[in-house]
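*Asks:* One predicted model, sequence on top.
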Amino acid sequence: MRRWRIFFSHWENWLGLILVLAFLSGAVFAPIISPPDQKNPGPFKQVGRTSDFVPHPPTEKAILGTLPGQYDVFHTLVWGMRDAIQFGLLVAIGSFLVGVFFGSVSGYAGGLLNSLMMRIADAFLTFPPLAGVVFLQQLVGISITALGGIYYFNTQVAGRTISFQNTPPTLVTFVSRIDPLLISLILFSWVPYARLVNSIVLSLKRTDFVQAARALGGNPSWVIRHHLIPNSISPAIVLGARDVGSAVILQATITFIGLGGASPWGALLSMGRNFMIGPGGSLLTHWWVFLPVTLAVVLFGVSWNLIGDGLNDILMPGSQTNVRFRPTSTPLAEPDAQQALA
């Protein structure tokens, strides 16, 4: 309870919690907040003539305005919360599981095997994640094309387009559901977790309670699951909370620049990029094409970083800087000290 009191004593933690709950509520109640189009359900909804490629300001039908093609900004903003939370949590949880498993096993093994496994982890740090995104995107596209399908990335609305003249094979159906960006980020984001857990496990395995567990006949998997992982994952949980926001920001960025991804927020920015700067260089002429979604992306990243800082106070109390230590006894007055010396 004391740790939770420390957590709620900081306004930054309250702000992060409120923002995260707001995004979660928007994701859960998206069908109620902004009902989807029954003919074309999804994160994008057109509320005007599709041939109109001029963004229009907020109206009763589109309270945050429209983009070229008359896509409702508010609808995509709300439904993008669901995609952002799902994508961010999948990347963070996937990286967390792979990194904790790899780091704990290598740390428990120690010696040459630990050195070899950590050098493999270091090799992943040298490979740029963006290159991995492009490579996996091309690999999935080539695989689908080789099996008789048509694959291309739709730059107008976020998402991949896959079509087959006949019923696609089961393997193609599985491959088509793979998000190259999601797999790539997990593949190249687990290394910090592994290095962090590995360094803690190397210290923990020399402690008395781990040595006692091994002496009593505990096999390596039991010791790792019951002693090493529970006592080493606290920093990894903090890192995972922060990675939820950073993964969504990276997804929106990659979608915006057209390298792949399926971020509705990134697609909104991409569709309105030509109207961000209005006549005379004014940024306020068509503010609705970039300001709402930019605030959503920024606040989403900030909220999870604040939650990560709050979890740092709970799970790693040694890092707290607000704890004040009081002396257990008052110092001796000068006459008392002289009497004691006498």
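*Replies:* Cool, the structure landed. Numbers count the residues shown, from 1 in each chain.
*Asks:* quick one, what contacts the residue lying closest to Trp304 once chain neighbours are set aside?
*Replies:* Sequence neighbours aside, Gly245 is the residue nearest to Trp304 in space, at 3.4 Å (criterion: Cβ to Cβ, 6 or more residues apart in numbering). Every residue, glycine included, has its C-beta placed from N, CA and C. Gly245 sits next to 88, 300-305 when contact means Cβ atoms under 8 Å, 6 or more residues apart in numbering.
*Asks:* hmm, which of those are the buried ones?
*Replies:* The neighbour-count test (16 or more other Cβ atoms under 10 Å) marks 88, 300-301, 303-305 as buried among these.
*Asks:* Name the nearest of the contacts of Gly245 relative to Ile63.
*Replies:* Of all the contacts of Gly245, Phe300 has the smallest distance to Ile63: 20.2 Å, by Cβ to Cβ.
*Asks:* can you pull the buried residues of the helix or strand harbouring the closest one?
*Replies:* For Phe300, the host element (DSSP states H and E) is helix 291-315. Across helix 291-315, burial judged by 16+ other Cβ under 10 Å covers 291-293, 296-297, 299-301, 303-315.
*Asks:* one step back: tell me the pLDDT at the residue nearest to Trp304?
*Replies:* Here the pLDDT value assigned to Gly245 is 92.
*Asks:* What separation do you get for the spatially most central residue of the chain and Ala123?
*Replies:* Nearest residue to the geometric centre of the chain (Cα atoms, centre = their mean): Val244, 1.9 Å. Using Cβ to Cβ, to the nearest Å, Val244 is found at 26 Å from Ala123.
*Asks:* nearest to Gly260, of the contacts of Gly245?
*Replies:* Proximity of the contacts of Gly245 to Gly260 was ranked by Cβ to Cβ; the top entry is Gly88 with 16.8 Å.
*Asks:* quick one: which helix or strand includes the closest one?
*Replies:* Taking DSSP H and E as the criterion, Gly88 maps to helix 73-109.
*Asks:* Can you list the low-confidence ranges for the stretch 201-342 of the chain?
*Replies:* Along the stretch 201-342 of the chain, segments meeting pLDDT under 70 span 279-281, 316-342.
*Asks:* Please give me every residue in contact with Met276.
*Replies:* Contacts for Met276 (Cβ under 8 Å, 6+ apart) come out as 283, 286, 289-290.
*Asks:* Dump stretch 238-252 to CSV, keeping only the CA atoms.
*Replies:* In CSV, the C-alpha atoms belonging to stretch 238-252 read as follows (Å, rounded to 0.1, in the frame of the first residue of the first chain):
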residue,chain,number,x,y,z
VAL,A,238,8.8,-0.5,-16.7
LEU,A,239,10.5,-0.7,-20.1
GLY,A,240,7.5,-2.5,-21.6
ALA,A,241,5.0,0.2,-20.5
ARG,A,242,7.1,2.9,-22.2
ASP,A,243,7.5,0.8,-25.3
VAL,A,244,3.7,0.7,-25.8
GLY,A,245,3.7,4.4,-26.7
SER,A,246,6.9,4.4,-28.7
ALA,A,247,5.7,1.5,-30.8
VAL,A,248,2.6,3.3,-31.8
ILE,A,249,4.5,6.5,-32.6
LEU,A,250,6.9,4.5,-34.8
GLN,A,251,3.9,2.7,-36.5
ALA,A,252,2.3,6.1,-37.3
